[in-house]
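[1] Need the 3D shape of this:
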Amino acid sequence: MSEAVIKNEEVDIVIGALQPDLTSFMEAWRPVFSQFHLIIVQDPDLKDDVKIPEGFNLTLYKKSDIEKVAGSTSSISFSGFSCRYFGYLMSKKKYIISIDDDCVPAKDPNGYPIDAVAQHLTNLSTPATPFFFNTLYDPFCDGSDFVRGYPFSLRTGVECALSCGLWLNLADYDAPTQVLKPDQKNSRYVDAVLTVPARTMLPVSGINVGFNNELIGPALVPAFRLAKEGNLRWETMEDIWTGMCVKVVSDHLRLGVKSGLPYVWRKERGSAVASLKKEWEGVRVMEDVVPFFQSIRLSETAATAEDCVSEIAVLVKGRLGAENEMFGRAADAMAEWIKLWKQVRSL
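    Residues are numbered from 1 along each chain as shown. The predicted model follows:
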């Protein structure tokens, strides 16, 4: 399986706008973003229109657009970080790159700006190797290859469906760790990409990610609320649920997931103590969620990402929902997401 050539016209960059002024963010990314079509989704909780500089090819979605498509009484939450999922829903492109609005281009150890979009597209256009680990990491990276003992029958690899990038400065810690280590930063630049082995879960973040929308788009399910009413969200935990869903789907469909490059630079934002109050319930229930996802085996009839998510929703309802009604609501949201996905695709 050789490297595919991805055209710029096949790519959407999705940005969830959580701050009212995107000027500095957009200008920092202008050399990269100006080459692509952008989908910007304004957090429906923002009262004022978001400020966006001119000179970009973009589509902006606001609260009224979300309500028109998803309905104001939808069980799916598109508030906060979850607004990016509406962009995934509305994109008709094959590839999606998503970068949060508190990130700017990072620099490599030589001081050169990193083109995060180009690296994501490289990851997605080269094969992944989830069924046998290569000790030199991604054998399709420059300067690497398969090591001795790697089965020749597996060297063609499989399609890469998901590319999980990293970031420098603000470390990817949960709220309890941030509270205990408030001054700890991520300053290690590791020049590597690896395929996550099959049947291995990983924490995925939508902060800096790329994926093949045609293969696994529906598997990136939007976050759901911890409480029946109100806007209590999982915060950083919401991506963890999504990541485990998409990894189960990728494994079942024999697709690959890569982690590592590219890096972005994440700015300081938010309070660890405030996040801890919102996040603790999600941290606690994850201890039950991880073994559940590790045990999932989908049926042979689940041939698409939509099929897979629908089956996972039934399992969530029956196994996790029986112990905690929150998971019953999660299963309902997943089923509604697939229905909505199909509805938008049929237009």
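[2] Going by C-alpha atoms from here, please, whenever you check contacts or count neighbours.
    Will do.
[3] Which helix in this protein has the most residues?
    For the chain, the longest helix by residue count, based on DSSP state H, is helix 272-295.
[4] list the buried ones in the helix or strand just after that one?
    Of the helices and strands lying after helix 272-295 in sequence (DSSP states H and E), the nearest is helix 305-315. Judged by neighbour count using 16 or more other C-alpha atoms under 10 Å, the buried positions of helix 305-315 are 305-315.
[5] What is the very next helix or strand once past helix 305-315 packed up against?
    Taking DSSP H and E as the definition, the helix or strand that follows helix 305-315 towards the C-terminus is helix 325-345. If you count contacts as 3 or more C-alpha pairs under 8 Å, 6 or more residues apart in numbering; DSSP states H and E, helix 325-345 packs onto helix 83-90, helix 305-315.
[6] and the ones you listed as a markdown table, adding mean pLDDT?
    What follows is the helices and strands packed on helix 325-345, written out as a markdown table (pLDDT from 0 to 100):
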| stretch | mean pLDDT |
| --- | --- |
| helix 83-90 | 97 |
| helix 305-315 | 98 |
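[7] so which of the ones you listed gets nearest residue 340?
    The closest approach between residue 340 and any of the helices and strands packed on helix 325-345, judged by C-alpha to C-alpha, belongs to helix 83-90 at 8.4 Å.
[8] list the helices and strands the closest one packs on?
    Applying 3+ C-alpha pairs under 8 Å, 6+ apart, one finds that helix 83-90 makes contact with strand 11-17, strand 37-42, helix 325-345.
[9] For it, what is the distance to the chain centroid?
    What separates the centre of helix 83-90 from the centre of its chain is 11 Å, taken as C-alpha atoms, centre = their mean, to the nearest Å.
[10] Any chance you could list what contacts that helix?
    When contacts are taken as C-alpha atoms under 8 Å, 6 or more residues apart in numbering, the neighbours of helix 83-90 outside the stretch itself are 14-17, 39-44, 66, 78, 96, 98, 213, 217, 220-222, 341, 344.
[11] just the buried members of these?
    Looks like those have 14-17, 39-44, 66, 78, 96, 98, 213, 217, 220-222, 341 buried, using 16+ other C-alpha under 10 Å.
[12] So for residue 284, which of the helices and strands packed on helix 83-90 sits nearest?
    For residue 284, the closest of those is helix 325-345, at 13.0 Å, according to C-alpha to C-alpha.
[13] what inclination does the closest one have with respect to helix 83-90?
    For helix 325-345 and helix 83-90, the angle between their directions (axes from the mean of the first three to the mean of the last three C-alpha atoms, to 10 degrees) works out to 40 degrees.
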